[in-house]
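Generate coordinates for the sequence data below:
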Amino acid sequence: MSSIESQNQGGTLSDRELEVIELVAAGLTNEKIAEKLAISKRTVDNHISNILTKTATDNRVALVRWALQWGKVCLNEVNCCTLPQRGEESGA
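As a prediction, the model looks like this:
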């Protein structure tokens with residue numbers, strides 16, 4: 001498997017890991033992520049360690065770049081992915 005293929009294994013990320021990535025991308029510290037998700041900081045540390053391994057990234061900055069590149073997070077006008085706005089899903 002090529003390194004690009006291994007880096008694009010976003011399907012192996014759990015919903016919780018994707019949630020943690022969104023909060024990392026929003027700039028939250030591990031302590032703040034723990035508070036927001038009502039879990040321990042150690043659990044957040046473990047999630048981030050697992051995420052870095054799964055995405056073959058070395059740090060939070062590289063993780064956010066990876067997440068933007070593969071469409072795992074959307075930041076206002078920074079990523080090209082388009083998420084439906086509330087109400088648009090039903091065509092309203």
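
so where's the protein shaky on pLDDT?
1-11, 76-92 (pLDDT under 70).

Tell me the buried residues in stretch 55-71?
Neighbour counts using 16 or more other CB atoms under 10 Å place Thr55, Thr57, Arg60, Leu63, Val64, Trp66, Ala67, Leu68, Trp70 of stretch 55-71 among the buried residues. For the C-beta atoms, the positions are set from N, CA and C on the backbone; glycine is no exception.

likewise stretch 24-38?
Val24, Ala25, Leu28, Asn30, Ile33, Ala34, Leu37.

This protein: helices as residue ranges?
Counting by DSSP state H, the chain has helices at residues 3-7, 15-25, 30-37, 41-55, 60-69.

coming back round to it: any chance of a markdown table for the buried residues of stretch 24-38, columns distance to Ile51?
Shown next, in a markdown table, are those (distance: CB to CB, whole Å):
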| residue | distance to Ile51 |
| --- | --- |
| Val24 | 8 |
| Ala25 | 12 |
| Leu28 | 14 |
| Asn30 | 12 |
| Ile33 | 12 |
| Ala34 | 15 |
| Leu37 | 14 |
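
Quickly check those residues for the two that are furthest apart.
Among those, the pair separated by the greatest distance (CB to CB) is Ala25 and Ala34, at 16.4 Å.

Tell me who's in contact with Glu17.
His47, Asn50, Ile51, Lys54 (CB atoms under 8 Å, 6 or more residues apart in numbering).

same thing but 10 Å
Gly10, His47, Ile48, Asn50, Ile51, Lys54, Thr55, Lys72 (CB atoms under 10 Å, 6 or more residues apart in numbering).

Just the closest of the buried residues of stretch 24-38 to Thr43, please.
Ala34 (7.0 Å).
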